[in-house]
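Enquirer: with the sequence up front, the predicted model follows.
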Amino acid sequence: MRRLWVLALAVGCNGGQAPPAAASRETTASQGALRPAPVVSGVPAPRRASPPPAQRPAGVAAKPEAPPEVPPDMALVPGGTFTMGADDEGEQDERPAHSVTVPSFLLDLTEVTNASYRACVQAGACKPWRDGVAAAMKYGADREFRGERQPVVGVSWHDATAYCAHVGKRLPTEAEWERAARGDDGRRFVWGNDPPSPKIGAYAASSGGKTADVGSFPEGKGPYGHLDLAGNVWEWVEDYYDPYAYKRSTAAQGIPGTCEQVLAAQDDLRAKKLQGYTGTNPIPTECERVLRGGAFNYRGDGLRASNRVHHPGGWRILVAGFRCARDLRPSPRDAG
């Protein structure tokens, strides 16, 4: 597994503030809980029987459950068990192929755009993107990447987390991202098993050296209708990058190791001189974050859905953006 083609950019990348801790939720006792029965002369008094539950009249069907609320800018990813990883291609951190089960969730149809991110900045909830990222990577002027409908770039993992929280969402986990990309048929690429072609997305053979407006390649959509999962920009996801994630006891739930376990895994790779395990770049020395999907300057074979890359969460680079996820919520229904 290779890091992105921009490791020399670390000098210009800013750290971000850690995302706020999730608010705790208070729980209350059920109003229907029974109180202790009174005791008379050392003998508990008999409890009064609870009234029987209301009976549904004969011939009246049960009220159907409300369907999930799906906003127009998101699409449902149904829960289920899918194949994550690969056995015979990519780097060692993509192996082995294994079954992972995730619950249903919602995922943005496209990557977050410059216009949407700017609105978050104007609301005071997001930091401005990093200027000069195109020039730093020798891809010309930033204005070539700042169209209203182009994906936002020059934002860190922390910036992405803040944006998603501002709009009532969150970053997808690595397992959720791959579930959205691979569906139930274990496809090699987001669009299927056919080799990449210029019609499926913005990558090295089709981009002209810059990002495209989101949704410009409908033929490259994923199994559940999501666009630009392959190409355009790499997408930050929630998880720490764990080189041993697929070999842990939690692999079937798509749960990587803790930061402490990740650091131990990286030390183990160095001790065993397994330099190529995560690609040709140095083994990380901190807990980095995962990015998925490829970018406008990436080669076609690297767009495979199992490909994993990683960077420090504070890096703000030209080739990295994001999209948000959300847990399911029931649609409101009229009483009765």
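Expert: Perfect, thanks for sending it.

Enquirer: spit out the contact partners of the closest residue to Ala325 other than its chain neighbours.
Expert: Nearest non-adjacent residue to Ala325, counting by Cβ to Cβ, 6 or more residues apart in numbering: Pro172, 3.8 Å away. Just so you know, the C-beta spots here come from the backbone N, C-alpha and C atoms, and that holds for glycine as well. For Pro172, the contacting residues are Phe105, Leu107, Ala180, Val237, Glu238, Arg323, Cys324, Ala325, by Cβ atoms under 8 Å, 6 or more residues apart in numbering.

Enquirer: out of those residues, which are inside helices?
Expert: Counted as lying in helices by DSSP state H, out of the contacts of Pro172, are Ala180.

Enquirer: farthest pair within the contacts of Pro172?
Expert: Spanning the widest gap among the contacts of Pro172 are Ala180 and Glu238, at 13.4 Å by Cβ to Cβ.

Enquirer: which one of these two is surrounded by more residues?
Expert: Between Ala180 and Glu238, counting by other Cβ atoms under 10 Å, Ala180 is the more crowded of the two (28 against 21).

Enquirer: isn't the more buried one up against Val77?
Expert: Yes: contact criterion Cβ atoms under 8 Å: Ala180 and Val77 qualify, at 4.8 Å.

Enquirer: re the thing from before, the residue nearest to Ala325: what secondary structure?
Expert: For Pro172, the assignment made with DSSP: H, G, I helix; E, B strand; the rest coil gives coil.

Enquirer: and it, how close does it get to Ala264?
Expert: Between Pro172 and Ala264 the computed distance is 26 Å (Cβ to Cβ, to the nearest Å).

Enquirer: columns pLDDT on top of the contacts of Pro172, output as TSV?
Expert: Formatted as TSV, the contacts of Pro172 follow (pLDDT from 0 to 100):
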residue	pLDDT
Phe105	98
Leu107	98
Ala180	98
Val237	98
Glu238	98
Arg323	98
Cys324	98
Ala325	98
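
Enquirer: lowest average confidence, helix or strand, in the protein?
Expert: Lowest by mean pLDDT, DSSP states H and E among the helices and strands of the chain is strand 39-40, with a mean of 39.

Enquirer: where do the strands of the stretch 51-200 of the chain begin and end?
Expert: If DSSP state E, counting those that start in this stretch is used as the criterion, the strands of the stretch 51-200 of the chain fall at 74-77, 80-84, 98-102, 105-108.

Enquirer: Ala160 is nearest to which of those?
Expert: Nearest of the strands of the stretch 51-200 of the chain to Ala160, taken as Cβ to Cβ: strand 105-108 at 11.5 Å.

Enquirer: center of this structure, which residue is that?
Expert: Note on the chain: the residue nearest the mean C-alpha position is Pro172, at 2.2 Å, using Cα atoms, centre = their mean.

Enquirer: quick check: next helix or strand after the longest helix along the chain?
Expert: In the chain, taking DSSP H as the definition, the longest helix is helix 259-271. Downstream of helix 259-271, the first helix or strand assigned by DSSP states H and E is strand 289-292.

Enquirer: sketch out the low-pLDDT regions of this structure for me.
Expert: Applying pLDDT under 70 to the chain flags residues 1-65, 330-336.

Enquirer: got the end-to-end distance for stretch 181-192?
Expert: One end of stretch 181-192 sits 9 Å from the other (Cα to Cα, to the nearest Å).

Enquirer: buried set for that stretch?
Expert: Of the residues in stretch 181-192, Ala181, Arg182, Gly183, Arg187, Arg188, Phe189, Val190, Trp191 count as buried by neighbour count, 16 or more other Cβ atoms under 10 Å.

Enquirer: all set now, cheers.
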